[in-house]
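Participant: give the three-dimensional model of this entry:
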Amino acid sequence: MTRLLQTLVTLGLIVYGARAFYLPGVAPTEYQQGDEINIKAVKMTSVKTQIPYEYYSLPFCKPDHGVEYRSENLGEVLRGDRISNTPYTLNVRENVKCKVVCPAMDILTADSSKLALRIKEDYTIHMLVDNLPAATKYIRIDKPDVAQYEHGFKLGAMVDGKPLISNHLAFVIRYHETETPGHYRIVGFEVQPLSVEHTQLDLKDKSCTFKSASMKSIKPQRVVSGETNKIQFSYSVMWTPSPVAWASRWDTYLALKDGQIHWFSIVNSLTIVLFLSGIVAIILVRTLRRDIARYNKIDDEDMEDAIEETGWKLVHGDVFRPPVHVRLFCALIGTGVQLLSMFVITLILAVLGMLSPASRGALLTASIFLYAFMGMFGGYMAGRLYRTLKGDQWKETGIMCAVLFPSIGGGLSFVLNFFLWFKGSSAAVPFTTMLALLAVWLGISLPLVVGGFYFGFRKQPYDHPVRTNQIPRQVPEQVWYMGREMSVMMAGILPFCAVFIELFFILTAIWENRFYYMFGFLFLVFVILVIVCSEITIVIIYFMLCGENYHWWWRSWFLSGSSAGYVFLYSMFYFSSKLSIAGFVPTLLYFTYSTLMCCTYGLLTAAIGFYASYWFVSNIYGAVKID
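Facilitator: From the prediction side, this is the model:
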């Protein structure tokens, strides 16, 4: 147990150092005095609706030469990003006090109503400069010397129940001069949104000045729903030198917040691991070793009496009897192995910094393709297990393994896509992207799963240490706490307790539009989760066998997978206590995606629990002499 503790502490120190190592881009872009830079628009998001829209879904000023959309990777499209150019242009190290974006616009009735609704729904606009996202700087009242940055900037604000639009954007660009004089790199992009009524500006060509020197006395621009509104869009630019190096420019966004809470999570999880490890050590070192030693020393005439003393030896002739619904069982195990392989490789790449937030959509793209390619391992493990369990319909089972999870997940996503399309959201997956996803599944994942299943089925089955009797043994009545429902409910608590604090930060990043880059902590929590799932399943399976119940195959799958139920319950609590989502479609999106995430988590942990139990059962029955 000391060695286990030392290993986990070493992993903690490694991943703690790894969190500072990331690749924030392929190569830095250097600019010279006066170089023109165009600000890109990404999308608009809201924590209240969870439905993203592209920037030009609202009546904003457009570039003179038209709107141009940048080609995007698969992950960006699925995230709802629609990166396009804007009329906001910058010249390196040239400050602009006030500049008009376009002539004052008369926002018609329908557009005014839509604009007022988006402001009421608390939408945030996301922009890019040199692949660096815009951020809004806030000063905490209780800590004036501490600055807090939020991703993007608000479309507007509700003041006294009236929607005010942020039609003047004050850009603050922070730059760092390189070793080559006259060459600069952008290391910061802040936006200070202001609401200024068009009558408060004096215009001269494309320049403008505020009529009042005090910003507090300037009348804000109100948006009256159902009426025509005249709005003037303008902006200012201020370039500020910064000592921050280009390699560290993402630290503002990825700065570790609530680090003490994360370490508390690790300590909490380690406590659970040590507790379970102690129980497993007692079972393996004391109880099992004593039972096995005594069982191997007895004479033949004392065999029956000795067997009656300890119940787990009684079921040696039935413990490896194939379970019911073998095809479904093997398909679920194969899917779990596929998801586990995908998650482990993705997490390792993220810890090494290869899936930086600067590589927009890289994490989602990598997950999709790794899931497709890992089908080979999932199919192989399922095929060999199916051969071991004496299955004879490998083609049907292999296809089931390949289509079971993707068909459910893809079907639910396809239905949700209709709701997003009806809402006009940028998150609605285009038809061409659907075809690309279908091609990845049919052209990569499905053949690899079926092929892997075939080769696994052709391999020699797993060697079991004992033979299976022809006539199944009757299972005696079980004590109440070892019943199926009760044991499954108890088993899911500890794995959930090991991850629930980190789960909070993951849900916050997903639903509150924040960056999540604490993959070092996540890696350590995942290692702890694997240990907890394995140990809790082994403990309960041991007591189950002691009760002469040999139906452990499905039970081991449900034991560790049951923590997904607690994750779903926690997501319901998070929805009601932390989020302010309103409306049918946003609620449907939240619970559908939460269900898919919990199913993924459940399949993954269930595969871990099963293989841990399989190893345990094979070893304890292989350690005794049975004729």
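
Participant: alpha carbons only for contacts and neighbour counts from here, please
Facilitator: OK.

Participant: mean confidence score for stretch 126-134?
Facilitator: Taken as a whole, stretch 126-134 carries a mean pLDDT of 93.

Participant: hmm, I typed the wrong one, I wanted stretch 362-381.
Facilitator: 94.

Participant: same check, this time on stretch 550-559
Facilitator: Per-residue scores along stretch 550-559 average to 93.

Participant: buried stuff in it?
Facilitator: Residues 550, 551, 552, 553, 555, 556, 557, 558, 559 are the ones in stretch 550-559 that count as buried (16 or more other CA atoms under 10 Å).

Participant: wait, the first one touches residue 317, no?
Facilitator: Spelled out, it's residue 550. No - contact criterion CA atoms under 8 Å: residue 550 and residue 317 do not qualify, at 9.4 Å.

Participant: hmm, residue 586 is touching residue 50, no?
Facilitator: Yes - contact status for residue 586 versus residue 50: in contact at 5.9 Å, counting by CA under 8 Å.

Participant: so between these two, which is more surrounded?
Facilitator: More crowded of residue 586 and residue 50, by other CA atoms under 10 Å: residue 50, with 22 against 18.

Participant: tell me the first helix or strand C-terminal of the least confident helix or strand in the chain by mean pLDDT.
Facilitator: Least confident element among the helices and strands of the chain, by mean pLDDT, DSSP states H and E: helix 2-18 (a mean of 46). Of the helices and strands lying after helix 2-18 in sequence (DSSP states H and E), the nearest is strand 36-45.

Participant: burial count for the nearest residue to residue 486 once chain neighbours are set aside?
Facilitator: Excluding the flanking residues, the one nearest residue 486 by CA to CA, 6 or more residues apart in numbering is residue 480, at 7.6 Å. Neighbour count of residue 480, defined by other CA under 10 Å: 10.

Participant: ok, now residue 582?
Facilitator: Neighbour tally, residue 582, other CA under 10 Å: 13.

Participant: ok, now which ones touch it?
Facilitator: Residue 582 is in contact with 48, 49, counting by CA atoms under 8 Å, 6 or more residues apart in numbering.

Participant: next secondary structure element downstream of the host helix or strand of residue 98?
Facilitator: Counting by DSSP H and E, the element that carries residue 98 is strand 96-100. Following strand 96-100 in sequence order, the next helix or strand is strand 105-107 (DSSP H and E).

Participant: and that next one, what's buried?
Facilitator: Within strand 105-107, the residues scored as buried using 16+ other CA under 10 Å are 105, 107.

Participant: model confidence over the helix or strand just after it, on average?
Facilitator: Per DSSP H and E, the first helix or strand lying C-terminal to strand 105-107 is helix 109-120. Here helix 109-120 scores 92 as its mean pLDDT.

Participant: stretch 485-499 too?
Facilitator: The model assigns stretch 485-499 a mean pLDDT of 88.

Participant: same check on stretch 521-528?
Facilitator: 88.

Participant: so what's the gap between that stretch and the chain middle?
Facilitator: 14 Å (CA atoms, centre = their mean, to the nearest Å).

Participant: how about that stretch as PDB, C-alpha atoms only?
Facilitator: These are the backbone C-alpha positions of stretch 521-528, laid out as PDB (Å, rounded to 0.1, in the frame of the first residue of the first chain):
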ATOM      1  CA  PHE A 521      -5.500  16.900 -12.500                       C
ATOM      2  CA  LEU A 522      -8.000  15.000 -14.700                       C
ATOM      3  CA  PHE A 523      -5.300  12.400 -15.500                       C
ATOM      4  CA  LEU A 524      -4.600  11.800 -11.800                       C
ATOM      5  CA  VAL A 525      -8.300  11.600 -11.000                       C
ATOM      6  CA  PHE A 526      -8.800   9.100 -13.800                       C
ATOM      7  CA  VAL A 527      -6.000   6.900 -12.400                       C
ATOM      8  CA  ILE A 528      -7.700   7.000  -9.100                       C
END
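
Participant: which residue ranges of the stretch 501-627 of the chain form helices?
Facilitator: 519-546, 553-561, 563-577, 584-622 (DSSP state H, counting those that start in this stretch).

Participant: let me know which of those helices is tucked in deepest.
Facilitator: helix 553-561 (a mean of 26; mean count of other CA atoms under 10 Å).

Participant: so what touches the strand holding residue 98?
Facilitator: In this structure, residues lying in contact with strand 96-100 by CA under 8 Å, 6+ apart are 206, 207, 208, 209, 232, 233, 234, 235, 236, 237, 238.

Participant: between those residues, which has the most around it?
Facilitator: When the contacts of strand 96-100 are compared by neighbour count (other CA under 10 Å), residue 234 ends up highest, at 26 neighbours.

Participant: contacts only, for that residue.
Facilitator: For residue 234, the contact set (CA under 8 Å, 6+ apart) comprises 98, 99, 100, 101, 102, 167, 168, 169.

Participant: not counting its neighbours along the chain, what's nearest it?
Facilitator: In space, residue 234 is closest to residue 100, 4.3 Å off (CA to CA, 6+ apart).

Participant: tally of neighbours for that neighbour?
Facilitator: Residue 100, neighbours per other CA under 10 Å, totals 22.

Participant: on that earlier part again, can you give me how far the strand holding residue 98 is from the chain middle?
Facilitator: Relative to its parent chain, strand 96-100 has a centroid offset of 41 Å by CA atoms, centre = their mean.

Participant: give me the buried positions along it.
Facilitator: 96, 98, 99, 100.

Participant: can you list the residues you listed in TSV and add pLDDT and distance to residue 563?
Facilitator: Below are these laid out as TSV (pLDDT from 0 to 100; distance: CA to CA, whole Å):
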residue	pLDDT	distance to residue 563
96	93	56
98	92	56
99	92	56
100	93	56
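
Participant: from these, pick the one nearest residue 112.
Facilitator: Distances from residue 112 to these, taken as CA to CA, are shortest for residue 100 (20.6 Å).

Participant: could you measure from that closest one over to residue 45?
Facilitator: 25 Å (CA to CA, to the nearest Å).

Participant: with just CA atoms, put the strand holding residue 98 into CSV.
Facilitator: C-alpha atoms of strand 96-100 as CSV (Å, rounded to 0.1, in the frame of the first residue of the first chain):
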residue,chain,number,x,y,z
VAL,A,96,-7.5,54.9,-32.5
LYS,A,97,-9.6,57.1,-30.2
CYS,A,98,-12.9,56.6,-32.0
LYS,A,99,-13.7,55.2,-35.4
VAL,A,100,-17.0,54.5,-37.1
